[in-house]
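Participant: Here is my input; please provide its structure:
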Amino acid sequence: MKRFVLLLMASALAGTGYAQTSYDLLIKGGHVIDPRNGIDAVRDVAIKDGKIAAVAPDVPAAQASKVVDASGLYVTPGLVDIHVHVYHGEKTAYAGGPSSVPIDAFAPRSCTTTVSDAGGAGWRNFDDFKTRIIDTSKTRVTAFLNIVGHGMAGGALEQDLSDMDAKATGEYALRHKGVIVGIKTAHYNGPEWAPFERAVEAGTIAGIPVMVDFGSARVRTIAELFDRVFRPGDIFTHAFAGGSRGEVIDGKINPASYRARKKGI
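Facilitator: Purely as a prediction, here's the structure:
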């Protein structure tokens, strides 16, 4: 009987001016987490013309053309993943090769709407990355430009100090503001500090942060990286991964990490 009454009401409304709705979609009864606006509670979210039109404790279902019951679920703005590898293709490693993944096959199903490729391309091959991947993906793709001109191509190419040009990298990043959002250095195994210092130099030229994957060389310490090389806003990625980078000393967190947090790292 209840179903019949609801259908009858819908038919009656369709024959009047009340059939017009204010919203295209209403996500109803979900637990909304919206850090920017300080919301962490059950709310209804109404959408009109592809934009959020209202967030309120109770938006009447009759005001929307379509209603989705999100009771018991979390509702958030699209997630942002700042460390992915999506410069895929038939070339080498993460630089246009098989180690990277086709982003549209993974991001949407994980509620991720924006990603940052973490150093797959350098200034020498970024045009290919942008043309084939960034410009054609439904997912919004930004990038950390590798300090290595050939990008994250693996092997000796990532150890080549002569291909780590701070000026060329920084100036190239400036030409792609908003798409290139940072500088990346990764996988360097030598004792030199040049990759990290040049990455910071490039980041300073372009006014963007640096992300560091410290590699496996134990001759360099994260204390020196944080205290001497890094600026506020720079990023140490893969923290506590593998235990070879010095994040833990004698079973305790390295005090340098606490200093870095206070510095804004």
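
Participant: show me the contacts for the closest residue to Ala61 other than its chain neighbours.
Facilitator: Nearest residue to Ala61, sequence neighbours excluded (CB to CB, 6 or more residues apart in numbering): Val67, at 4.8 Å. Bear in mind the C-beta positions are built from the backbone N, C-alpha and C, glycine included. Shown in contact with Val67 (CB atoms under 8 Å, 6 or more residues apart in numbering): Leu25, Leu26, Lys28, Ala61.

Participant: Can you get me a residue count around the residue lying closest to Met152 once chain neighbours are set aside?
Facilitator: Leaving out its chain neighbours, the residue that sits closest to Met152 by CB to CB, 6+ apart is Tyr94, at 3.9 Å. A count of nearby residues for Tyr94, using other CB atoms under 10 Å, gives 27.

Participant: what pLDDT does Tyr94 get?
Facilitator: Note for Tyr94: predicted pLDDT of 97.

Participant: State the distance from it to Gln159.
Facilitator: 15 Å (CB to CB, to the nearest Å).

Participant: follow-up on the earlier one: buried members of the contacts of Val67 into ChimeraX, please.
Facilitator: Entered in ChimeraX, the line below selects the buried ones among these, by 16 or more other CB atoms under 10 Å:
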select :25,26,28
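
Participant: nearest to Thr112, of the contacts of Val67?
Facilitator: Distance to Thr112, by CB to CB, is smallest for Leu25 among those, at 19.8 Å.

Participant: what are the bridge partners for that closest one, then?
Facilitator: Ile47, Lys66 (DSSP bridges).

Participant: ok, it to Tyr74 distance?
Facilitator: Distance of Leu25 to Tyr74, given as CB to CB: 17 Å.

Participant: swap in Thr92?
Facilitator: 39 Å.

Participant: Looking at these two, which one has more neighbours?
Facilitator: Between Thr92 and Tyr74, counted using other CB under 10 Å, the more crowded position is Thr92 (18 against 10).
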